[in-house]
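# Here is a sequence together with a model predicted from it:
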Amino acid sequence: MRKDVSVRELPTGERMRIVKHRYMPVGLSEAEVSYLPRACIVTGMHGDELEGQYVVYELVRRLRSQPQHLAGVVDVYPAVNPMGIGAIERGIPKFDLDMDRIFPGSHDASPFEAMAADLVEDVRGAQVAFDLHASNIYLQELPQIRVNEQSAQRLLPLARQANVDYVWVHESAVVLNGTFAYSMNSLGVPTLVVKAGVGMRITPEVGEQLAIGILSVLAQAGVWTGPLPLVRAPRVGTDNEVSYLHAEAAGMFVPCVQFGRDVAQGQVIGHILDCGSAEVLQELCSPVDGLIFTLRAYPLVYPGNLIARVLGGSPC
Amino acid sequence: MLEESILSLELPYRDPFDVRAFSFGIDTSGKALGKGGDASALERSLCVVAGIRGDEVMQTLVCALLVERLEKMERSKELTPGHLVQVIPCANPASMGIGRRFWPLDKTDINRSFPGSSNGETTQRIAAGLFEQVRDFTFGIHLSSFYLEGDFIPHVRVMHGPGERGNHGADFCMPFVTHYEPGSFDTTTLHYNWRLCGTEAYSFYTRKTTVADEGIARDAVRSLLRFMGARCLTRHRAHGGSQSFELAERALVPVQVPAGGVCCSAVRVGSVVEKGQLLATIRDLLCGRVTARVVSPCDGVIFYQARTPLVNEQTLVFQIAPDNVDEVPISLA
C-alpha cells in the first residue's frame, strides 16, 4: 500500500511528496495491524546518495516474495528528499540547509521543514527505524553503522545484527542534534544510521548485504519470522581507533591499494599527481596497521581533502 | 592601512586561494599601520568579516567601501589611537570568483564549519585558518546572509545562549536589533564561535545579498561607523540612523502561502501593513488564475520578504514585525 506522508505544491502545479510504501501481514486491516510492531526504513535524505535505493529494492523483494513471514508492519520511505534526487543534489533545491540538519522540523518556517516534521510524526511510535545513506561522491565507505555515544547502549545490540562491517561509536556533536536519527532516538524510536558505498552510484553487493542486515534486525524486533542467513560480526570502534589521512597537495589522487582490505603501517595507499608535469606531489602512507574502511573515490583533491580512514587504533 | 594575506591554499588548476585582510590603527606615537605603526601595541578592538559565502556580493561591497572610508579616516587621524580594526571583505574568493555560494568542490558551507580544524577537510582548514586570524577581538561583526533567499529590513542579530555577553546592538542605529536562541545548526557559525571565545559578536544583515547597490552599501557603512563611534573607536560622527527596536525573533509573525504558483507581491520590505491588508496574490503559473490571496494576519511592518517569484505551498514569503509587541529588555546591555 502506497501513501503520501507529506505533500506540498510546487509553483508549476507539481506536488512534492514524501511517499511511504507499507508492507503488512496478509489478510489484516490497517486497524488490526496498528497493534503490531512496526519498522521504518528511510532513505533518500541526501539526493545524491542512491545506495539506499537498491537496499530498499532488495528488502522489499524479499518481503513480497515471502509475505507469510511478516509478523508486523514495515514502512518504507524510499525518497524523503525527492527533489534532491531528481536534481542529483545532496540538499533540497532552493534551500540552503542540509535536510538531515533540520529535524524535528517545524510548521512555521519553510515547506521543507514542515515536511521534515510530517516525517517525524509518521515514524513516531515505531519499534525500530533505519536511515540509509551512501557516502558522498568523493569517498567510498564500507557498510557501517554510526551510533552516537549517548544512544550506544540502546543501539549497539541492534547494530550488531545489521550485517555491517563496522559499527562506529562516535562522540556526540551538538550539530548532530538536527539529524533525523537524533530526533527519532530522542522520541524513543531506536534509529540506526547506515552509511555505505559511494555517492551517485549503486553497488549491488552492498544492497544485498544491507537488506539481509535489516531483515535480521526486523526479526529481532518481531516484525519478520522468515529464514535468515548468518550475519557478519562487525568490528566495533570509537573515534580513538580511527586514523585519518588527508591530502596536503592539490592534484589528482590515484590509489594503489584495494578498498576494504587491511594495510600495514607505512604502506603506500596512493599518490597525488600533477598530471601535466608528471610529478608526484605527495605519497600517502597508512599511519597505522588496520582496515581501510573509507577511501577517496573522486580523483580531484584540494589540500585537506580526506583520502582514507583506517580502523586500527592509535599510530604505532 | 596594512593589507596582508591572512590565509592561502593551493587550488588545482587555479591561482591559490588568498584571503586579504585590511588593518587600520594608529599607535600611541601617532603612527598608522603600514606607515611604521606598531600593530602589537594596539588593542584588538574590532573585526569585520564578509564574503564567507560566494554570493554575498552586497556584504563584500559594504566592506570594500568601509575599507575605503577607514583609510581616509586613518589618514585624517579620526581613528582613536590604540585600537586595531581589521576588515576582511571576502573570506571566500574561490567561490565568489566563479559565482558559487558554497565551496566549489564539495558544496560545503564555510559558515557551517567553525571553529574548523587545521587537520580536517578543506573547508574546516579554511574556517580554522580564518578563525585563528579573527579571534580575540573585543567586537566581531559578520556581514551574513539568511538561509532562505530574501530581502530584509536592515538589522543586526544578537545571539543568546553560550558565551552571551553585553549587547550594544542599538549602537548601529539600525531599525531593528533581533534576539534569538541558537539552534543546533548555528553552533558551527562564526558568530557562535566568536561568542564562545569571548568576542562580543553581531550578525549584520543588509537589505539585499546578491546585488551590488552602492546606496544600500553606503547606508550600511554608516551603521558600522556609528557602532565604531559609540564604542569610542573613532571620533568621526556618522549622523542619522534609527532608534533601534529590540525584537525577539520568535515574535516575528510568519506568513506562508497556501498554494504553489507565481507570487505577485503587493508590498515591499519596510511597508507598514494593517491586519487584513492584501500582501500578495498567488497565480497559477500556466493560466494566470488567482489561486490564493495572502493577507496580513496583524498590524506591523514587513521585516522579511522572499525573493523568489515562484513559491511552493507553505513557502515563507513574509515575516512581519508586529505592532503591539514587547521590546526585549536591554538587560544584557
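Perfect, thanks for sending it. All values derive from a computational prediction rather than experimental measurement.
# only C-alpha atoms for contact and neighbour calcs from this point on.
OK.
# Which parts of the stretch 201-316 of chain A are strands?
For the stretch 201-316 of chain A, the strands defined by DSSP state E, counting those that start in this stretch occupy A:235-238, A:242-246, A:251-255, A:262-263, A:268-274, A:279-285, A:290-296, A:300-301, A:306-311.
# in its sheet, what does the fourth one sit against?
In this case it means strand A:262-263. Here strand A:262-263 is paired, per DSSP bridges, with strand A:290-296 (antiparallel).
# Residues contacting the partner strand, please?
Residues from elsewhere that reach strand A:290-296 (CA atoms under 8 Å, 6 or more residues apart in numbering or on different chains): A:138-142, A:253, A:259-265, A:306-313.
# What of stretch B:51-60?
Against stretch B:51-60 from outside (CA under 8 Å, 6+ apart): B:50, B:89-97, B:99-102, B:109-111, B:143-145, B:206, B:208-213, B:217.
# thinking again about what came up before, export the strands of the stretch 201-316 of chain A as a markdown table, with columns for mean neighbour count.
Output for those, formatted as a markdown table (neighbours: other CA atoms under 10 Å in any protein chain shown):
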| stretch | mean neighbour count |
| --- | --- |
| strand A:235-238 | 16 |
| strand A:242-246 | 19 |
| strand A:251-255 | 21 |
| strand A:262-263 | 20 |
| strand A:268-274 | 20 |
| strand A:279-285 | 16 |
| strand A:290-296 | 23 |
| strand A:300-301 | 21 |
| strand A:306-311 | 24 |
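# These into TSV, with extra columns for distance to residue A:166 and mean pLDDT?
Shown next, in TSV, are the strands of the stretch 201-316 of chain A (distance: least, CA to CA, whole Å; pLDDT from 0 to 100):
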stretch	distance to residue A:166	mean pLDDT
strand A:235-238	5	92
strand A:242-246	11	94
strand A:251-255	22	97
strand A:262-263	13	94
strand A:268-274	20	97
strand A:279-285	22	97
strand A:290-296	8	95
strand A:300-301	26	97
strand A:306-311	9	96
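# To residue A:101, which of the ones you listed lies closest?
Closest approach to residue A:101 among these (CA to CA): strand A:306-311, 21.9 Å.
# Give the pairing partners of the closest one; include direction for each.
If you go by DSSP bridges, strand A:306-311 pairs up with strand A:242-246 (antiparallel), strand A:290-296 (antiparallel).
# quick one: residue B:222 from chain A, how far?
According to CA to the nearest CA, to the nearest Å, residue B:222 stands 30 Å off from chain A.
# Could you verify that that residue is part of a strand?
No: counting by DSSP: H, G, I helix; E, B strand; the rest coil, residue B:222 is not found in a strand; it is helix.
# Show me which residues of chain B sit near chain A.
By CA under 8 Å from any CA of the partner chain, the residues of chain B that approach chain A are B:9-12, B:119-123, B:125, B:147-148, B:184-188, B:254, B:259-262, B:284-286, B:310-316.
# What subset of the contacts of stretch B:51-60 is buried?
For the contacts of stretch B:51-60, a burial check counting by 16 or more other CA atoms under 10 Å in any protein chain shown picks out B:50, B:89-96, B:99-102, B:109-111, B:143-145, B:206, B:208-210, B:212, B:217.
# Going along the chain, name the strands of the stretch 1-150 of chain A.
Going by DSSP E, counting those that start in this stretch, the stretch 1-150 of chain A shows strands at A:2-9, A:15-23, A:38-43, A:73-77, A:128-134, A:139-148.
# what bridges to the residue in the stretch 151-300 of chain B that chain A sits nearest to?
Closest to chain A within the stretch 151-300 of chain B is residue B:261: 3.6 Å, counting by CA to the nearest CA. With DSSP bridges as the criterion, residue B:261 is bridged to residue B:311.
# wait, it sits on residue B:314?
No: using CA atoms under 8 Å, residue B:261 makes no contact with residue B:314, being 11.0 Å away.
# Look at the two and report which has more neighbours.
Neighbours per residue, other CA atoms under 10 Å in any protein chain shown: of residue B:261 and residue B:314, the larger number sits with residue B:261, 29 against 23.
# how close does that one get to residue A:96?
From residue B:261 over to residue A:96 the distance is 21 Å, taken as CA to CA, to the nearest Å.
# Residue A:60 now?
Distance from residue A:60 to residue A:96, by CA to CA: 33 Å.
# Comparing these two, which residue is more hemmed in?
Per other CA under 10 Å, whichever of residue A:60 and residue A:96 has more neighbours is residue A:60, with 18 against 15.
# Just list the residues touching the more buried one, thanks.
Applying CA under 8 Å, 6+ apart, no residues qualify as near residue A:60.
# Pretty sure residue A:299 sits against residue A:250.
No: assessed by CA under 8 Å, residue A:299 is found out of contact with residue A:250, at 10.4 Å.
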